[in-house]
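Asker: Have a look at this prediction, sequence included:
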Amino acid sequence: MADLETLKSLMLRAQEAKEADRALDEAIMAAFYVRDSRHIGASDYYTDEPVKDDVWVDPRTDKWVTNQTFRFTEEAGDVRRLLCFLPGGWRLHTSEPDPTAEGFGGRAWAKISPHFRSAEAQEIGPRDCSAPTLPLALTAAALMLHASALIAQAEQGASR
């Protein structure tokens, strides 16, 4: 997983983005997943040799996840994949932007808070963010949570 400086950089990019950003999606994938060449089921028609594909691998399980980059900044559902790397359970609270409103009313808002039964997640706490689109707000909030988790982990290690 990414270090704190990388997470901060990605978080700032997500907060400053005005629309979906494929380069940012790729950078987020690289922070959480590993690129590798794996056999994922296809075989050469003539030789029956396994064909390898360039895929993203989950470093926790060493299993391939996808051969495409998730669209964190475009699809709100893809952001849930980032929450899988955090301990405990999480709840999402969102508000779509109102295009007729000015100021913060015209921006999407997302809050990711720990499930009330999860002591591990409670230690990290909730994070919220506003952005022009809901996927950008969720992405920024999820990256904030990861940065907070790293800080909490470092503090626990220092106190021991």
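Answerer: Noted; the coordinates are in hand. Numbering: from 1, shown residues only.

Asker: Reduced to three states, what does the residue sitting furthest away from the middle of the chain come out as?
Answerer: In the chain, counting by CA atoms, centre = their mean, Tyr46 sits farthest out from the average C-alpha position, at 40.2 Å. Applying DSSP: H, G, I helix; E, B strand; the rest coil to Tyr46 yields a three-state assignment of coil.

Asker: Contact partners for it?
Answerer: By CB atoms under 8 Å, 6 or more residues apart in numbering, Tyr46 lies in contact with nothing. Heads up, the C-betas are built off the backbone N, CA and C, glycines and all.

Asker: longest helix anywhere in the protein?
Answerer: Longest helix in the chain by number of residues, with DSSP state H as the criterion: helix 134-159.

Asker: In the chain, what residue spans correspond to helices?
Answerer: So, for the chain - with DSSP H - the helices run 4-16, 22-32, 80-83, 119-124, 134-159.

Asker: Quick check: bridge partners of the nearest residue to Thr133 once chain neighbours are set aside?
Answerer: The spatial neighbour of Thr133 that comes closest, neighbours along the chain excluded (CB to CB, 6 or more residues apart in numbering), is Ala108 at 5.5 Å. Per DSSP bridges, residues listed as beta-bridge partners of Ala108: Ala131.

Asker: And the pLDDT at Ala108?
Answerer: Looking at Ala108, its pLDDT stands at 91.

Asker: my guess is it meets Leu134, correct?
Answerer: Yes: counting by CB atoms under 8 Å, a contact exists between Ala108 and Leu134, whose distance comes to 4.1 Å.

Asker: Name the residues contacting each of the two.
Answerer: Common contacts of Ala108 and Leu134, defined by CB under 8 Å, 6+ apart, comprise 94, 96-97.

Asker: Export the residues you listed to JSON lines and append columns for pLDDT, distance to Leu145 and neighbour count.
Answerer: Converted to JSON lines, the shared contacts of Ala108 and Leu134 look like this (pLDDT from 0 to 100; distance: CB to CB, whole Å; neighbours: other CB atoms under 10 Å):
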{"residue": "Thr94", "pLDDT": "92", "distance to Leu145": "15", "neighbour count": "16"}
{"residue": "Glu96", "pLDDT": "88", "distance to Leu145": "21", "neighbour count": "11"}
{"residue": "Pro97", "pLDDT": "83", "distance to Leu145": "22", "neighbour count": "18"}
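
Asker: Output the helices of the chain as CSV; include the columns mean pLDDT and distance to Val57.
Answerer: Rendered in CSV, the data for the helices of the chain read as follows (pLDDT from 0 to 100; distance: least, CB to CB, whole Å):
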stretch, mean pLDDT, distance to Val57
helix 4-16, 93, 18
helix 22-32, 97, 11
helix 80-83, 92, 14
helix 119-124, 82, 25
helix 134-159, 87, 19
